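Undergrad: no sequence for this one, just the structure:
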């Protein structure tokens, strides 16, 4: 009997994926405790969100990919509507219009939904045209990406827009977008970037962020402060770190955003290079497992969505660690499973749920 | 079948693309690993240092400046702690707007604003300038509550210099003020930067300037752990500051008070010295000023008033006021005549009331003359003719050589700065000063002999000369600081009074001169003033001619007063073993016996009457510290 219930519960859970996610989440809670100056309230709040997220993951894992695929269109449309709602009636916080106040649910950030909704609808779309995918399909897919991308850029939230765009692009890439188009597009993007720079399409704060990557000392009080203090934290951590709860940069409030986007600096300070390597390995295992699930997926939908999710995990991790160590401009990307914040956590576990669904429903589809 | 192959083909292509993506991922993670290694291994030392620098702040600990008491332990200068409202001009974009904003919270007077503006003009690069000091607790609370919207505004607890005596003895004590860029440069050059770390003030004049080294102490350092907003979390280590040394002056502030009061509104100077030690008992320069005005920066109005006043309150008259000594020079002339062997004490001359030499004619003060005059009597009645004759007989360079050890025309070396040497005329001096008329004529010597003409001495010099004469030629360097108490261990060290040198003088000659000085008081020019004194004293009146206004604007209403002669009086008491020697100078006071001698009388009366002294300044628990 117990065996049966256990089987029922774990049937659709990918053990490796779940184990790795659990390890990195627990590690995240430990770092969060340190980053909160050893106050429990944030850890408790984050743990509650983890529980909710795991439940959602469990539900999704038990749904079949075909069933999940049915949510693609409504979810995408809902996302677009909400984004339009933000554009016309969103809450302005820190000079950007990103939040929407909804009855019952409360404040939500619709751009976050798009991180799942865009790859989902693209995977569904290409799956629908499986075997007969032409350049026209790619144009439609491109439009499906550009609309939410544009809306999010206008908020303005370049970081999230780029992530959403990236998630969409990964589907296009995996669906077989012509290499020439990819290279051409990359060149075009570079051109657009310089044009944006030259013609002042970027906000000053965005330009400032880009500039500070090349020279963090530009303005040590403002834009570069984050990067400099993070580099000091990580660098002073050395090989083995200062030890859990012993980071001076962390505990003396030198690190900004230390529970959220810059939490890796706390980790790097307290656990050193060895800790950082461990985290890289954990993420590699996680991403590797996702890629494997994608490779083994029996439907195009499954392949595309799993591949895109794998690449999304990578993008989160790489962009976050890159920006905290001063290699990339500071954009608002959290460290997956570690940064404090419910929205990102939900997105990540939803992705895990979808991956597990694909991984465990193979045989059913094969028949 | 075909569809299946397509599917297989697709899966193949898909896996190839996944593999490419996997390679990109590996490459990116390798990049991250490289970056981590760079930061945490190769740059570890660098970032560790930065982290420590972030964490640790070395804050200077400003030492307590030494306090100053009079010879009896009455506090003349002390420190008190108070809250000040300070602005950091580097962090405030619109100073006026910020001050307006503060003005809505607490009262900011127009004077505060003017003073701040003046400070700002002078110290543009300063990081903290006081807007208002001595805040009430309620004002502190109100500012603190609004500080978040007033960046660059700070409330600091600071030690302030307090001069409880106000104008009294202001020219002795001097004042402190903010370190200006020039002084800062000098401090840095002398390698004293660390000792001054964190302190904004430095002695500007008087004892505060001359004893800066003793008073200032040495700054300490506190190593603290701070957070990002520079809030102190805990103290890591502390090198305590060394407080400055306390000074005990030789000055008797009660005697000083009596002397200053005796001047009333008149301008002038008085220096009283203990002949057997060189202790300066009183040092008056009238008018004075209130040193408290300077403590947190003087406002422009008050400064201009002090600077432009025709009374020159900032002039330290005992040290910087050079005047002809008038007849107070005569006792020294007489002593010289005896020592040179050109007069004997009892050799008398007949004074017809004038003196003729060549084509020159000099009138005696008294029409018809003083009759038969010997040396003591020449002093007692201040017989000019006696000295006219003497002056004509002397060699001016030998004369100057005799006068020099008495301090005439020399810096006495008193222990506060700013002393001027004055002029003791010699041949060389005359040639240099008056190239068109380089010779010093006999006629000049006649005038010089009665203390007029080119003679230019300070009240300090006459007081020193009087003390040296009273002490029978044993000269003590005059000094204002008697004892220096180590600020750290409380041990005191006396500024040992050692005789600087002894002028070889024959007792018989000294006695003859002193007989004359006693005669001045008993039957001579000061007899009326000293009638009924309970002590014996010797003295000499003097009147210095004012030749014209030197500099200054021609203001008619003041001319008659400003053209009046200066009055002098020199004295010592008692006659036997003198305990006090003094010189009084009253600017435009007129005749010495009338203007200057009464001041000397009041000072000497008080000096010998403990009751009078005690009444001058009440010694209380609060103004007295154990010496």
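TA: Ah, there it is. What you see is a predicted model, and the numbers here were worked out from it, not measured in a lab.
Undergrad: how much space between the residue lying closest to residue A:202 once chain neighbours are set aside and chain B?
TA: Among residues not flanking residue A:202 along the chain, residue A:196 sits closest, at 5.2 Å (C-beta to C-beta, 6 or more residues apart in numbering or on different chains). C-beta here means a position set from N, CA and C on the backbone, and glycine is covered the same way. Remark: distance between residue A:196 and chain B (C-beta to the nearest C-beta, to the nearest Å) = 24 Å.
Undergrad: before we move on, what SS does residue A:196 have?
TA: helix (DSSP: H, G, I helix; E, B strand; the rest coil).
Undergrad: And for it, the neighbour number?
TA: Residues near residue A:196, counting by other C-beta atoms under 10 Å in any protein chain shown, number 14.
Undergrad: what do you get for residue B:361?
TA: Residue B:361: 9 surrounding residues under other C-beta under 10 Å.
Undergrad: For it, list each beta-bridge partner.
TA: Counting by DSSP bridges, residue B:361 is bridged to residue B:356.
Undergrad: Quick check: it vs chain A, distance?
TA: For residue B:361 relative to chain A (C-beta to the nearest C-beta), the value is 85 Å.
Undergrad: where does residue A:214 land on pLDDT?
TA: Residue A:214 carries a pLDDT value of 58.
Undergrad: Ok, residue B:451 next?
TA: Residue B:451 is given a pLDDT of 86.
Undergrad: likewise residue B:558?
TA: 55.
Undergrad: Quick check: closest non-adjacent residue to the residue of the stretch 451-600 of chain B found nearest chain A.
TA: Closest residue of the stretch 451-600 of chain B to chain A, C-beta to the nearest C-beta: residue B:488 (34.3 Å). Counting by C-beta to C-beta, 6+ apart, residue B:242 is the residue found nearest to residue B:488 once chain neighbours are left out, at 5.5 Å.
Undergrad: Can you find the helix or strand of the chain with the lowest average pLDDT?
TA: Using chain A. helix A:362-366 (a mean of 52; mean pLDDT, DSSP states H and E).
Undergrad: meant chain B actually
TA: Of all the helices and strands that make up chain B, helix B:556-562 has the lowest average by mean pLDDT, DSSP H and E, namely a mean of 59.
Undergrad: partners of the helix or strand just after that helix, with directions?
TA: Using DSSP states H and E, the helix or strand that follows helix B:556-562 in sequence is strand B:566-573. As defined by DSSP bridges, the strand partners of strand B:566-573 come to strand B:538-544 (antiparallel), strand B:580-586 (antiparallel).
Undergrad: so what's the most centrally placed residue in chain A up against?
TA: Geometric centre of chain A, nearest residue: residue A:316, 4.5 Å, by C-alpha atoms, centre = their mean. For residue A:316, the contacting residues are A:163, A:333, A:334, A:335, A:336, A:344, A:348, by C-beta atoms under 8 Å, 6 or more residues apart in numbering or on different chains.
Undergrad: Wasn't it part of a helix?
TA: Yes - counting by three-state DSSP, residue A:316 is located in a helix.
Undergrad: Okay, it and chain B: tell me how far apart.
TA: Look at residue A:316 and chain B: by C-beta to the nearest C-beta, they are 12 Å apart.
Undergrad: How confident was the prediction at that residue?
TA: pLDDT recorded at residue A:316 is 93.
Undergrad: With residue B:250 instead?
TA: 92.
Undergrad: got any ranges where the chain has weak pLDDT?
TA: By default, I'm working from chain A. Chain A contains residues with pLDDT under 70 at A:93-97, A:103-106, A:205, A:208-224, A:363-367.
Undergrad: ah, no, chain B please
TA: The low-confidence ranges in chain B, as defined by pLDDT under 70, are B:1-6, B:228-230, B:496-497, B:547-560, B:619-627.
Undergrad: So which residues on it come close to chain A?
TA: For chain B, the contact set with chain A under C-beta under 8 Å from any C-beta of the partner chain comprises B:3, B:6-7, B:10-11, B:13-15, B:17-18, B:21-22, B:25-26, B:28-29, B:31-33, B:35-37, B:39-41, B:43-44, B:46-48, B:50-51, B:54-55, B:225-229, B:233.
Undergrad: What residue in the stretch 201-350 of chain A comes nearest to chain B?
TA: Counting by C-beta to the nearest C-beta, the stretch 201-350 of chain A gets nearest to chain B through residue A:235 (2.7 Å).
Undergrad: if we can go back for a sec, tabulate the strands paired with strand B:566-573 (TSV), appending distance to residue B:374 and mean neighbour count.
TA: Output for the strands paired with strand B:566-573, formatted as TSV (distance: least, C-beta to C-beta, whole Å; neighbours: other C-beta atoms under 10 Å in any protein chain shown):
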stretch	distance to residue B:374	mean neighbour count
strand B:538-544	16	30
strand B:580-586	25	31
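Undergrad: Of those strands, which is nearest residue A:252?
TA: Set against residue A:252 and scored by C-beta to C-beta, the strands paired with strand B:566-573 come closest in strand B:580-586, at 65.2 Å.
Undergrad: just checking, next helix/strand downstream of the closest one?
TA: Proceeding N to C from strand B:580-586, the next assigned helix or strand is helix B:592-595, under DSSP H and E.
Undergrad: That next one packs against which elements?
TA: With contacts taken as 3 or more C-beta pairs under 8 Å, 6 or more residues apart in numbering or on different chains; DSSP states H and E, helix B:592-595 sits against strand B:538-544, strand B:566-573.
Undergrad: can we see that at 10 Å?
TA: Secondary-structure packing of helix B:592-595 (3 or more C-beta pairs under 10 Å, 6 or more residues apart in numbering or on different chains; DSSP states H and E): strand B:538-544, strand B:566-573, strand B:580-586.
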